[in-house]
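>>> quick check, what structure comes out for this input:
(chains A, B, C and D)
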Number of protein chains: 2
Amino acid sequence: MKSLSIKDIAVKANVSITTVSFIINGKAKEKSISEAVIEKVKKIIEESGYKPNQIARSLRTGNSNIIGLIIEDISNSFFSRIARLIEDKAYKKGYKIIYSSTENSVDKAKELINMFKSRKVDAYIISPIKGIEEDIQMLIDDGNPVILFDRNLPGIDTSYVGADHFNASYQSVESFIKQGKKNIALVTTDIDVQQITERYEGYKKALEDNGIPYNDDLVVKIHFNQEEAETMDEVEKLFKTKDIDAVLFATNYLAISGLKVLKQINKKISDEFSVIAYDDHEAFELHTPSVSVVQQPLEEIAENVIKLILKQLSSKTKLENQKIIIPARLIIRE
Amino acid sequence: MKSLSIKDIAVKANVSITTVSFIINGKAKEKSISEAVIEKVKKIIEESGYKPNQIARSLRTGNSNIIGLIIEDISNSFFSRIARLIEDKAYKKGYKIIYSSTENSVDKAKELINMFKSRKVDAYIISPIKGIEEDIQMLIDDGNPVILFDRNLPGIDTSYVGADHFNASYQSVESFIKQGKKNIALVTTDIDVQQITERYEGYKKALEDNGIPYNDDLVVKIHFNQEEAETMDEVEKLFKTKDIDAVLFATNYLAISGLKVLKQINKKISDEFSVIAYDDHEAFELHTPSVSVVQQPLEEIAENVIKLILKQLSSKTKLENQKIIIPARLIIRE
DNA sequence: CTGAAAGCGCTTACAG
DNA sequence: CTGAAAGCGCTTACAG
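Presented below is the predicted three-dimensional model:
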């Protein structure tokens, strides 16, 4: 069954397709179409259930009312929750979101950008990885609104929204030190992205500022994408061979692996052994005892991303770039 | 900066756009274009970075290589993990996925279907809710491939893939009974969808088959979308006023709220008080003590959904419908 | 107050 | 072996 076209409506209403188009697009008044015609056409559209073909509209107008969202992995709860918030907020303004996961692959990220480009999305929201700077720069040069979030790409001159990873990490370590901890470990990943680097820098600086020597042996960099069993082995080794009294996990999935290890080796979180996880997760509050966390300001990140995108979308000229850094919240749970 | 069109390539190569189009679409051989021309055109495409406009292609061919995925809520880990698996598998076959969340709203679900329709997606994967039967039937009548998953819509004659909710629930209750439990509660939701009803029926039937009278007081139906605090109040009331020795949670988020209550009122899971959660979640294995769960076969669900969709997509004729029910796995954790 | 016509960038049946 | 032309379903500048 073929669907109706604007022509079918025009024939039924005995007017031109121009008239129908004006009515559909709310330009009837402006084009001074008579009330009678407006009524008649609207009624026919209503009754027939006609929906304009958005593909044709996009081809003609060059925009799509679609925003492309590129993230690392939709099954990661940080991203899926952000995606949901962005989706909601965009939807209310008449924009749809197409998302896709890069899985931390430069090739896939480039492909996704190309796919979005060839579908003429109106704007790009990207949680970028290293290696796609050029592709992003091309989008910007072509005049597309582009916003980076979660991770900044220092060389790229565009707007960015993200949490203050450095300070969050700094404060976490400082809170350990205030509790009297001396041997503070960091479990992080080896992905070379800014937010991970910042968490590392925050850790280092906090030690330094408090006169505790940095010890490379207490920092474990887990290879991205490796089997969880392997990760757990590495963390277990850290817990067993080093004399540590506190550990900061740089991502929530690492913290979960870490907690599994603690359970396995029957080591408890206690006054003698503190844990902070970067990025909250339902498992942490529920854990016995509860795990302290750094909460990322999801709502504010999504809010700011959408606000910037919509502002750029409704402006004829390129707006000034904004780098918005939002404080994260350290939640100490007893 | 305007992007290149097929015409630009044709001009550069000094051939017609027809020839360029044939080459792009791999029909060069079939149309017996000379090797020399193929080489020349390919080189120019390569060098210029030309990407065909998919919008124009869609308008012309009527298909988009896009599959629409409609789920309840992308921030729910069951859906985000399924989405990721489906995305991966579709991507390998050259299909992209557009997803959107219905948030259990009939209106939003209808709007999403309309949006997908007007974007001419090639196929629909839908985790449906009651009230959109007509809209789905229209899609099917129009000849679109449609697959339902997770929840079936009994009246609709199309393929379906989902877990065996009835048996999973039945077995959970039976395992309680084997442990000698008599007062088995069910915490479920009031959403009127098939998979929730089946979990309820499985619970009831297992009691009946084992000679335990069904007691309505032990079944709590939580209102969907209400504040978690309210949910926790209701669960707390159940735990405090009824003398129960086992509880089955019909969804993982309800189980998480339930565990929070247990923590608050300082009640422990033990030999005297067993818990099973429907749908695994990282928090459950980590919990002290670990929580038994029903694991949904995510990988198999995604695999079967994609297989059915691709088969339908590559077939000229409408294939016979298949209802694929996959057993869930009950994992008893000590 | 309304319409004929061009054009967005493709694909493809047809012609040579 | 290759190309001119129609057409997918819209929008919009222009004309009357």
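>>> so what's the closest residue to A:Ile212 other than its chain neighbours scoring on pLDDT?
Nearest residue to A:Ile212, sequence neighbours excluded (Cβ to Cβ, 6 or more residues apart in numbering or on different chains): A:Lys182, at 6.4 Å. In this view, the C-beta of every residue, glycine as well, is placed from N, C-alpha and C. A:Lys182 carries a pLDDT value of 93.
>>> didn't A:Lys182 look like it was pressed against A:Asn210?
No: in this structure A:Lys182 lies outside contact range of A:Asn210 using Cβ atoms under 8 Å: 9.8 Å.
>>> any idea how far the helix or strand of chain A with the lowest mean pLDDT is from the chain center?
When each helix and strand of chain A is scored by mean pLDDT, DSSP states H and E, strand A:96-101 comes last, with a mean of 84. Centre-to-centre, strand A:96-101 and its host chain are 11 Å apart (Cα atoms, centre = their mean, to the nearest Å).
>>> neighbours of A:Ile326, how many?
17 (other Cβ atoms under 10 Å in any protein chain shown).
>>> and it, its phi and psi?
Note on A:Ile326: its backbone torsions stand at phi -110, psi 130 [degrees, to the nearest 10].
>>> who does it bridge with?
Beta-bridge partners for A:Ile326, by DSSP bridges, are A:Ala163.
>>> overlap of the contact sets of A:Lys182 and A:Asn210?
Residues touching both A:Lys182 and A:Asn210 (Cβ atoms under 8 Å, 6 or more residues apart in numbering or on different chains): there are none.
>>> which parts of chain A sit against DNA strand D?
When proximity is defined as Cβ under 7 Å from any atom of the strand, chain A approaches DNA strand D at A:2-7, A:17-18, A:21-22, A:24-25, A:27, A:52-53, A:56-57, A:59-61.
>>> re earlier: so how many other residues sit close to the residue nearest to A:Ile212?
A:Lys182: 14 neighbours (other Cβ under 10 Å).
>>> tell me the secondary structure at it.
coil (DSSP: H, G, I helix; E, B strand; the rest coil).
>>> now it: phi and psi?
The phi/psi pair for A:Lys182 (degrees, to the nearest 10) is phi -120, psi -40.
>>> ok, the residue of the stretch 151-300 of chain A found nearest DNA strand C - contacts?
Using Cβ to the nearest atom of the strand, A:Thr158 is the residue of the stretch 151-300 of chain A that sits closest to DNA strand C, at 24.6 Å. Applying Cβ under 8 Å, 6+ apart to A:Thr158 gives the contacts A:136, A:140, A:146-148, A:321.
>>> just give me the neighbour total for A:Lys267.
13.
>>> looks to me like it is in a strand.
No: read with three-state DSSP, A:Lys267 is coil and lies in no strand.
>>> so it sits against A:Lys240, correct?
No: A:Lys267 is beyond contact range of A:Lys240, at 9.0 Å (criterion: Cβ under 8 Å).
>>> now for those two: what residues contact both?
In contact with both A:Lys267 and A:Lys240: no residue, using Cβ under 8 Å, 6+ apart.
>>> how about A:Gln137: what's its closest non-neighbour residue?
Nearest to A:Gln137 is A:Ile156, by Cβ to Cβ, 6+ apart, at 6.2 Å.
>>> what about the strands in chain A?
A:66-71, A:96-101, A:123-126, A:146-149, A:159-163, A:184-189, A:219-222, A:246-249, A:274-278, A:292-295, A:323-326, A:329-331 (DSSP state E).
>>> give me the neighbour count for the closest residue to A:Ile113 other than its chain neighbours.
What sits nearest to A:Ile113 in space, not counting adjacent residues and going by Cβ to Cβ, 6+ apart, is A:Asp135, at 5.0 Å. Each residue near A:Asp135 was counted by other Cβ under 10 Å, and the total is 18.
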